[in-house]
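S.K.: turn this into a structure:
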Amino acid sequence: SIKKSAIYGYIWGQISHSPMPPGGIIRLNIAQPKAETSLVLHIVLFQPEIPPNTGNIIRLAANTGTQLHLIKPLGFSIDDKQVKRAGLDYHEVERINLHESWEDFRKKNLPGRLFALSTKGKRSYCDVAFQAGDILVFGPETRGLPAAILSSLPQEQVLRIPMRTGSRSLNLSNTAAIVVYEALRQLDFAFGE
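M.R.: A predicted model of the protein is given here:
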């Protein structure tokens, strides 16, 4: 095939211009194409309400190379000093995409699979084989994701974090960190750029 002959030609060109090493063994170091890691994961906060949680997630996104999407209305100003104190002092603001609404976000047609995190989910986040490009959606702290969003997804894409019976929920930024790091663990910590 053309590809094969091109590769062999390249290898031969590299060998023919090099002196024969002692022992006559030639070791070839052929670089594998680097996997696209510029956007490993997406974190989506639907109408977040508490500034420090969003600030912590901004920092999470910056330290893991994930892309953060905030869907309005927000329960605070992005310039809120509590948000800045938690995250923006590290210049992570470039990892934030603001969307006017859920519909506006969906029109972006991001290519990854969409997973919603909810206490109403039947499937544990541990049972998912995460892939690069996956989109993780988290709801507002006081009310979670709306039923309309949850019912628009297949049941296997609504995930939960197991908790003790009778527990209400985990903190939003803790939940995001747990799921993002599990996904990254599965992806051999291929942090985005």
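S.K.: quick check: the spatially most central residue of the chain vs R164, distance?
M.R.: Central residue of the chain (CA atoms, centre = their mean): L41, 1.8 Å from the mean position. To R164, L41 is 28 Å away according to CB to CB, to the nearest Å. Placement of C-beta: from N, CA and C, glycine included.
S.K.: ok, now I149?
M.R.: 26 Å.
S.K.: the two - which one has more neighbours?
M.R.: Taking neighbours as other CB atoms under 10 Å, I149 and R164 compare with I149 leading, 18 against 5.
S.K.: need the helices for the protein, in chain order.
M.R.: Here the chain has its helices, by DSSP state H, at 2-16, 51-64, 81-86, 102-106, 147-151, 172-186.
S.K.: pull the residues that contact the last one.
M.R.: For helix 172-186, the external contacting residues (CB atoms under 8 Å, 6 or more residues apart in numbering) are 40-41, 43, 45, 48, 50, 52-54, 56-57, 60, 64, 66, 117, 125-126, 128-130, 134, 136, 138, 141, 159, 161, 169-170, 190-191.
S.K.: among those, name the ones in strands.
M.R.: Counted as lying in strands by DSSP state E, out of the contacts of helix 172-186, are 43, 45, 117, 136, 138, 159.
S.K.: quick check: E193 touching G65?
M.R.: Yes - E193 lies in contact with G65 (CB atoms under 8 Å); the separation is 5.7 Å.
S.K.: okay, the two: which has more neighbours?
M.R.: The neighbour comparison of E193 against G65 (other CB under 10 Å) goes to G65, with 17 against 8.
S.K.: burial count for the closest residue to the more buried one other than its chain neighbours?
M.R.: Nearest residue to G65, sequence neighbours excluded (CB to CB, 6 or more residues apart in numbering): G192, at 2.6 Å. A count of neighbours around G192, defined by other CB under 10 Å, yields 19.
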